[in-house]
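J.: following is a predicted model, sequence given first.
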Amino acid sequence: MSANLFGRPAVLFLPASRASAIRKARESAADIVFLDLEDAVAPEQKEEARAAAATAAREPWRVPLAIRVNAHGSAWHRKDLEAATFADLVIVPRVEDPAVIAEVAAATGRPVAAMIETPKGVRRCWEIAEVAAALIAGTNDLAATLRLPTGAGRAPLTTALQTIVLAARAAGRPCFDGVYNKLDDAEGLAAEAAEGRAFGFDGKTLIHPDQIAPCKAAWAPTPAEIARAERLVAAASGGAQRFEGEMIERMHVEAAERLLAR
Ligand SMILES: CC(C)(COP(=O)(O)OP(=O)(O)OC[C@H]1O[C@@H](n2cnc3c(N)ncnc32)[C@H](O)[C@@H]1OP(=O)(O)O)[C@@H](O)C(=O)NCCC(=O)NCCSC(=O)C[C@H](O)C(=O)O
Ligand SMILES: [Mg+2]
């Protein structure tokens, strides 16, 4: 499957080593599932996780199934690529060089998405977006590599997040926001998801099934947005005009049509 990743806001990560999570993900309302072989899996479980990911990826899924391999240059990367040949999409963490994407695509024959999670990755984000199937913000690693103090929040990440969205849009690729670590804070998750949508991301990566519904709600157009879009499309005359006290032009009509199509 060469999956269309647009219009799929809820992207669920889970450790491939955790069988119960794979079962839960299959039954969940996630729009894309990422089986992780990297940071969610302890070194002594890498082999087992790789085998489980390959088995899961061979089975049919209702949604696109991705495998996140260990970083290029790590001890596990090469073997992970063999498992990833069964997935719809391969995710490569800590990408800093577009050549890595080309190499992984050649080795697996699969579309390859890049995680941007270091300053060097942000610096080459534009080139990476040209060859990657999607961009994903790795906000934990970004915070770590920037040496942000605990609790610094997202303000110091603004330039990186906006660069990821700009690079993805310039290349016509989908892009996904980073994860929200606080498992029991549905309100905080909803706020961060709304912020991600406002930034321009196509969706958000998630770490627990309980985060799926608030994420989908954040990306779903509200009844008020839908009603306004319907009125705007009906009123559109082709050029600049007054609409409910605001100027609208072609791009506003196109945005309203996109929203209605969703
Ligand atoms: C964070 C967790 C370790 C919490 O686990 P736990 O406390 O055991 O959760 P629960 O008791 O609430 O679990 C209840 C059941 O739900 C299943 N479950 C839990 N999480 C998931 C999931 N993500 N997907 C599917 N199913 C899930 C459990 O298996 C339980 O099932 P059952 O036993 O049948 O009742 C855990 O939630 C977790 O591991 N989350 C994902 C971690 C992960 O994938 N991390 C990698 C991505 S984050 C990252 O690295 C981003 C990036 O790289 C960056 O730098 O920012
Ligand atoms: Mg990371």
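T.: Structure's in. What do you need? Ligands and ions are numbered 1, 2, ... in the order given.
J.: residue contacts, Phe176?
T.: Contacts for Phe176 (C-beta atoms under 8 Å, 6 or more residues apart in numbering) come out as Val11, Ala134, Leu135, Ile136, Ala137, Phe201, Asp202, Gly203, Lys204, Thr205. Yep, even glycine has a C-beta here, placed from its N, CA and C like the rest.
J.: Ala114 - that's part of a strand, no?
T.: Yes - assessed by DSSP: H, G, I helix; E, B strand; the rest coil, Ala114 belongs to a strand.
J.: number of nearby residues for it?
T.: 33 (other C-beta atoms under 10 Å).
J.: so who does it touch?
T.: Taking C-beta under 8 Å, 6+ apart as the contact definition, Ala114 lies against Ile91, Val92, Val95, Ile101, Gly121, Ile128, Ala129, Ala132, Ala134, Leu135, Ile136.
J.: helix, strand, or coil at the most centrally placed residue in the chain?
T.: Nearest to the centroid of the C-alpha atoms of the chain, with distances taken as C-alpha atoms, centre = their mean, sits Phe176, at 2.8 Å. Using three-state DSSP, the structure places Phe176 in strand.
J.: do the one 4 residues further on as well
T.: State at Tyr180, reduced to three classes by three-state DSSP: coil.
J.: shift numbering so it begins at 680
T.: OK, 680 is where the count begins now, so the last one is Tyr859.
J.: isn't it right up against Gln890?
T.: Yes - counting by C-beta atoms under 8 Å, Tyr859 touches Gln890, with 6.8 Å between them.
J.: list the residues that contact both of the two?
T.: In contact with both Tyr859 and Gln890: Leu868, using C-beta under 8 Å, 6+ apart.
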